[in-house]
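**Student:** got a predicted structure here, sequence first:
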Amino acid sequence: MTPTLGVITPGLRTTVQDLGRVGYQSFGIGVSGALDPISLRAANALVGNPPSAGTLEVAYVGPTLAVEAEEVRFAFVGALAPIEVLPDVTAVSGRRIAPLRSVRLRRGEVVRVGSLSDGAVLYIAVEGGFDIAPVLGSLSTDTRGRFGGWQGRALLAKDRLPLCQMRPSDRDDLRLDDFDRTLPQRFRVILGPQHNYFSDSAIATFFDSEYTVSAHSDRIGIRLDGPPINQDKDVGFTSDGTAPGSIQVTGSGQPIVLMPDRQTTGGYPKIATIVSADLPALGRVPIGAKIAFEPVTVAAAQILRRELFAAIDAIGDKLLPLGQIEADVSPMLLDCNLISGVVDGGSWRV
Amino acid sequence: MVEFGDSIDRNINAKVLALAQRLNEVRLEGIIEWVPTFRSLLVHYDPHLLPIGSLNAHIAELMLDLQIKERSGRSWHLPVCYDARLAPDIDEVASRTGLSPVQVVECHSTATYHVYMLGFLPGMAYLGDVPAKLVLPRLATPRLRVPAGSLAIATTMTCIIPLETPSGWHVIGRSPVTFLRRQPHVAALLAAGDTVKFMPVSLREYEQLEARAAVGMLHIAPVDETMERAA
């Protein structure tokens, strides 16, 4: 029998994502991929997957999933959320488990991820990954093209996601205590490519103002509410290519930061581009959060990018065997317990 | 971003496509992919493998000997049904341009179109230029749902919408052709630089072709250049 994860409730917008679909933008086929690829990589590392393995990206409200395999090794990385393991589908309550460590669940057990409290996304990795055919080299879901991921769409109740492994490998579970999800004080941007469509005072408004992430934001773009950035009038704009993190300004003066499901070309001038090193953090920013921007040079952006890649490389070195957990309760763990109101250190599989 | 101009212009676009062609030939390490648009080529690159200074120097060198071609891609003859039952805006387009619906069809289908770029949706090609008589601004209120295959016009551009989508373009027909193929793998039919002529078909012919397309039996191949000249 094929090992699967049964979807009992799908969550708000749970999609299969990996590091994206590269190489087809000239055909209008977007990149997609994780909003927060750092959390995705950490989740994969915890279960022993390669960084590019497909995971479930949870947005705001998590799914409830039933284990339909002998045993599955999971890891949950991203925004804080109550994560509960129920003994079976009929159970009302179960035991709380912590994020940032791998955990093995047996056939019939059910994992329930609640509402995310301090970020937009959380990643669920399973050891061995999902047995889904990649489309154009990627498992990422292209919801506009309706291909990739699981049937080109977000999960629905009663879906059964095929897994590559019937049981986990025979090794210890791991934890990751030192994982930094802090957001930059200000998101760093490179000015342009079309900042010449805006007056100096409009550009000053952009850098001096605080913007609120609008409820209309999605995986295509983060729409920002705040002081409008007015364009010089009567200047037509001819569509051109978009980059991840391009900040388009619409006719009404509202900025939209383009995210992984962005269109490959766009018809609005782009005042600035978020540096690539700050994009994973931006992917974590939830609706209602306030953000601001500051300009940096291309050279500074490339240093930031190197630092980010060094941090990614260090994830592997920071993985520790789970066995030491009771002697070494991390602030992260205490935080989780405070939020849940349940202190139950003994229930983790050690 | 390599900019060649700031307008929709065949000469500018020919330079964009010529640079894309050169990048395809030389395959520089560190260049991930490139996106030709009306007037610029966006080059996605990995600054670890290719610092911006080196990338700029390589591109400047490639720009020295660009082979500008009037036609660079494949040539397609694509069936389209302009019947009002599939063309909700054709009467409106006729009245706003002062033409009859038959003249709109004749005007649109006798032109040969150049694929400037793909974008907006997977597989969506921007084709131009629409004959001056048919140039209209976008709809004041976009439609929430336009079916896949819809042939539409707005400003100097025409396009076939590859997937159901909201759109502010005037829908003047529908093609049975699949513009974003799913099998054996996802692929767009058209590419930037291709040339397209639309062949009007009746509603009955459209339905027959559409039925074949639905079972994967509608094979559309580029027109052989020599046959095209003979015809």
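**Tutor:** Received, thanks. This one's a predicted model, so the numbers in the text were calculated from it and none came from an experiment.

**Student:** all helices of the chain, in order?
**Tutor:** I went with chain A, as the question did not name one. For chain A, applying DSSP state H gives helices covering A:37-47, A:200-208, A:279-284, A:298-318, A:331-340.

**Student:** you answered for a different chain; I wanted chain B.
**Tutor:** With helices called from DSSP H, chain B shows them at B:10-26, B:52-64, B:90-97, B:101-110, B:203-214, B:225-230.

**Student:** buried set for the fifth one?
**Tutor:** With burial defined by 16 or more other C-beta atoms under 10 Å in any protein chain shown, the residues of helix B:203-214 counted as buried are B:206, B:209-210, B:213. Placement of C-beta: from N, CA and C, glycine included.

**Student:** any idea what the residue of the stretch 101-250 of chain A at minimum distance from chain B is bridged to?
**Tutor:** Nearest to chain B, among the residues of the stretch 101-250 of chain A, is A:Gly241, at 2.8 Å (C-beta to the nearest C-beta). Assessed by DSSP bridges, A:Gly241 has beta-bridge partners A:Thr265.

**Student:** the helices of chain B: which one's closest to chain A?
**Tutor:** Using C-beta to the nearest C-beta, those put helix B:52-64 closest to chain A, at 5.8 Å.

**Student:** any stretches of chain A with poor pLDDT?
**Tutor:** Where chain A drops to pLDDT under 70, the residues are A:233-236, A:324-350.

**Student:** ok, now with 80
**Tutor:** Within chain A, the ranges that satisfy pLDDT under 80 run A:1, A:232-237, A:323-350.

**Student:** sorry, back to before: using JSON lines, please lay out the helices of chain B together with distance to B:Val146.
**Tutor:** Below are the helices of chain B laid out as JSON lines (distance: least, C-beta to C-beta, whole Å):
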{"stretch": "helix B:10-26", "distance to B:Val146": "26"}
{"stretch": "helix B:52-64", "distance to B:Val146": "38"}
{"stretch": "helix B:90-97", "distance to B:Val146": "14"}
{"stretch": "helix B:101-110", "distance to B:Val146": "17"}
{"stretch": "helix B:203-214", "distance to B:Val146": "16"}
{"stretch": "helix B:225-230", "distance to B:Val146": "31"}
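
**Student:** and chain B, what are its domain boundaries?
**Tutor:** Domain ranges of chain B: B:2-64, B:75-230, per automatic domain parsing.

**Student:** same list (those) but as CSV, adding distance to chain A.
**Tutor:** Output for those, formatted as CSV (distance: least, C-beta to the nearest C-beta, whole Å):
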stretch, distance to chain A
domain B:2-64, 3
domain B:75-230, 3
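
**Student:** mean pLDDT and distance to A:Asp178 added to those, as a markdown table?
**Tutor:** Shown next, in a markdown table, are the domains of chain B (pLDDT from 0 to 100; distance: least, C-beta to C-beta, whole Å):
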| stretch | mean pLDDT | distance to A:Asp178 |
| --- | --- | --- |
| domain B:2-64 | 92 | 24 |
| domain B:75-230 | 92 | 40 |
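
**Student:** so for A:Ser252, which of the ones you listed sits nearest?
**Tutor:** domain B:75-230 (15.6 Å; C-beta to C-beta).

**Student:** ok now that closest one, how far from the chain's centre?
**Tutor:** Distance, stretch centre to chain centre, for domain B:75-230: 9 Å (C-alpha atoms, centre = their mean, to the nearest Å).

**Student:** report the buried residues of stretch B:12-24.
**Tutor:** So, applying 16+ other C-beta under 10 Å, buried residues of stretch B:12-24: B:12-23.

**Student:** can you give me the offset of that stretch from its chain's centre?
**Tutor:** 16 Å.

**Student:** contacts for that stretch, please.
**Tutor:** A:26, B:2, B:4-5, B:31, B:34, B:36-41, B:43, B:59, B:62-63, B:66-70, B:72, B:114, B:116-117, B:192-193 (C-beta atoms under 8 Å, 6 or more residues apart in numbering or on different chains).

**Student:** how about the residues of the stretch 51-200 of chain A that lie near chain B?
**Tutor:** Within the stretch 51-200 of chain A, the positions lying close to chain B (C-beta under 8 Å from any C-beta of the partner chain) are A:135-136, A:142, A:144-148, A:193.

**Student:** okay, those residues in JSON lines with neighbour count next?
**Tutor:** Below are those laid out as JSON lines (neighbours: other C-beta atoms under 10 Å in any protein chain shown):
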{"residue": "A:Val135", "neighbour count": "21"}
{"residue": "A:Leu136", "neighbour count": "19"}
{"residue": "A:Asp142", "neighbour count": "26"}
{"residue": "A:Arg144", "neighbour count": "20"}
{"residue": "A:Gly145", "neighbour count": "25"}
{"residue": "A:Arg146", "neighbour count": "17"}
{"residue": "A:Phe147", "neighbour count": "22"}
{"residue": "A:Gly148", "neighbour count": "30"}
{"residue": "A:Pro193", "neighbour count": "20"}
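
**Student:** quick one: which of the residues you listed is nearest A:Ala314?
**Tutor:** Using C-beta to C-beta, those come closest to A:Ala314 at A:Gly148, 30.0 Å.

**Student:** show me the contacts for the closest residue to that closest one other than its chain neighbours.
**Tutor:** Leaving out its chain neighbours, the residue that sits closest to A:Gly148 by C-beta to C-beta, 6 or more residues apart in numbering or on different chains is A:Val135, at 4.3 Å. With C-beta under 8 Å, 6+ apart as the criterion, the residues that contact A:Val135 are A:21, A:142, A:147-148, B:185-186.

**Student:** show me where chain B has strands.
**Tutor:** For chain B, applying DSSP state E gives strands covering B:2-3, B:31-36, B:40-45, B:75-80, B:113-118, B:125-128, B:143-146, B:150-154, B:157-160, B:165-167, B:170-174, B:180-181, B:187-188, B:195-200.

**Student:** same list (those) but as TSV, adding mean neighbour count.
**Tutor:** Shown next, in TSV, are the strands of chain B (neighbours: other C-beta under 10 Å):
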stretch	mean neighbour count
strand B:2-3	18
strand B:31-36	21
strand B:40-45	21
strand B:75-80	20
strand B:113-118	26
strand B:125-128	24
strand B:143-146	14
strand B:150-154	23
strand B:157-160	24
strand B:165-167	16
strand B:170-174	26
strand B:180-181	18
strand B:187-188	18
strand B:195-200	19
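
**Student:** could the ones you listed go into JSON lines alongside distance to A:Thr182?
**Tutor:** JSON lines is the format used below for the strands of chain B (distance: least, C-beta to C-beta, whole Å):
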{"stretch": "strand B:2-3", "distance to A:Thr182": "36"}
{"stretch": "strand B:31-36", "distance to A:Thr182": "29"}
{"stretch": "strand B:40-45", "distance to A:Thr182": "28"}
{"stretch": "strand B:75-80", "distance to A:Thr182": "52"}
{"stretch": "strand B:113-118", "distance to A:Thr182": "39"}
{"stretch": "strand B:125-128", "distance to A:Thr182": "42"}
{"stretch": "strand B:143-146", "distance to A:Thr182": "41"}
{"stretch": "strand B:150-154", "distance to A:Thr182": "45"}
{"stretch": "strand B:157-160", "distance to A:Thr182": "44"}
{"stretch": "strand B:165-167", "distance to A:Thr182": "38"}
{"stretch": "strand B:170-174", "distance to A:Thr182": "49"}
{"stretch": "strand B:180-181", "distance to A:Thr182": "40"}
{"stretch": "strand B:187-188", "distance to A:Thr182": "41"}
{"stretch": "strand B:195-200", "distance to A:Thr182": "51"}
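
**Student:** right, and B:Arg138 touches B:Val171 too?
**Tutor:** No: counting by C-beta atoms under 8 Å, B:Arg138 sits too far from B:Val171 to count as a contact (11.9 Å).
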